[in-house]
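Engineer: Output the structure for:
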Amino acid sequence: MTLDAWLAFCAMETVLCFVPGPAVLLVVSVGLGVGMRPGIGASLGVLAGNALYFALSATSVAALIVASHELFTALKWAGAVYLVWLGLRMLMSPASARVDVAVGVGRSFMRGFIVQAGNPKALVFFVALLPQFIDPRAPVAEQVLVLGVSSIVIEFGVLALYVWSAVRARRLAGARLSASLERTGGACLVLAGARLVVAGDK
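Structural biologist: Modelled structure (predicted):
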């Protein structure tokens, strides 16, 4: 992998990370609902899901998942249902949902991991695009590792910026508008679930 190929990958990754998807909508909703630390926890969970997909993309397992329509669809619907369930809880019962999410960073981490692992479009992205930046004449595993670490560092920065912006918006709004922000976070999760299904059907 040449330096130019790596820089092109980093540029593409940066642009794509800023496009709101299920992961971005999740961390924004957590930031709006409960604050910075849980938001960062959810971001780390998303990145753990990406790390899993990077590992799978380096093996034949990824190709099997992508080729299996039933498994692909099952992953997509599981992730979508989970997002909608979380969103409806925040919409219907903001107070209890806030306490539940705020139990710890660990729970937010698991939610981020489940959401990203339930987004098979991410796996398709890695399987389809990684080969475009890899030199088959050089050790493939090392190149996948470099691209994986680069992707995780870039996406962490972008997700952390989204979380910070959401927390900042919450603080500026004050307690009077906190309930509305929580409902906005819930609506983001429902939207993320719906988008996951619709995008997967295109």
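Engineer: who touches Ala160 in this structure?
Structural biologist: Ala160 makes contact with 40, 43 under the criterion Cβ atoms under 8 Å, 6 or more residues apart in numbering. For the C-beta atoms, the positions are set from N, CA and C on the backbone; glycine is no exception.
Engineer: That one in helix, strand or coil?
Structural biologist: helix (DSSP: H, G, I helix; E, B strand; the rest coil).
Engineer: Next one, pLDDT for it please.
Structural biologist: At Ala160, the pLDDT value in this model is 95.
Engineer: Correct me if wrong: Glu155 contacts Ala48.
Structural biologist: No - the criterion here is Cβ atoms under 8 Å, and Glu155 misses it with Ala48 at 11.4 Å.
Engineer: Please report the distance of the residue nearest the centre of the chain from Ser108.
Structural biologist: Note on the chain: the residue nearest the mean C-alpha position is Ala23, at 2.6 Å, using Cα atoms, centre = their mean. Applying Cβ to Cβ, to the nearest Å, the value for Ala23 to Ser108 is 13 Å.
Engineer: about what we covered before: ok, and for the helix or strand hosting the residue nearest to the centre of the chain, which residues are buried?
Structural biologist: Under the criterion of DSSP states H and E, Ala23 resides in helix 22-34. Neighbour-count burial for helix 22-34 flags 22-34 (criterion: 16 or more other Cβ atoms under 10 Å).
Engineer: before we move on, back to that, dump the residue contacts of the residue nearest to the centre of the chain.
Structural biologist: Neighbouring residues of Ala23 by Cβ under 8 Å, 6+ apart: 46, 112, 115-116, 119, 159.
Engineer: tell me the pLDDT at Ala11?
Structural biologist: What the model reports as pLDDT for Ala11 is 91.
Engineer: Okay, and it sits in which element?
Structural biologist: helix 3-18.
Engineer: Just want the angle from that helix to helix 22-34.
Structural biologist: Counting by axes from the mean of the first three to the mean of the last three Cα atoms, to 10 degrees, helix 3-18 lies at 50 degrees to helix 22-34.
Engineer: quick one: least confident helix or strand in the protein?
Structural biologist: Ranking every helix and strand in the chain by mean pLDDT, DSSP states H and E puts helix 94-101 at the bottom, with a mean of 46.
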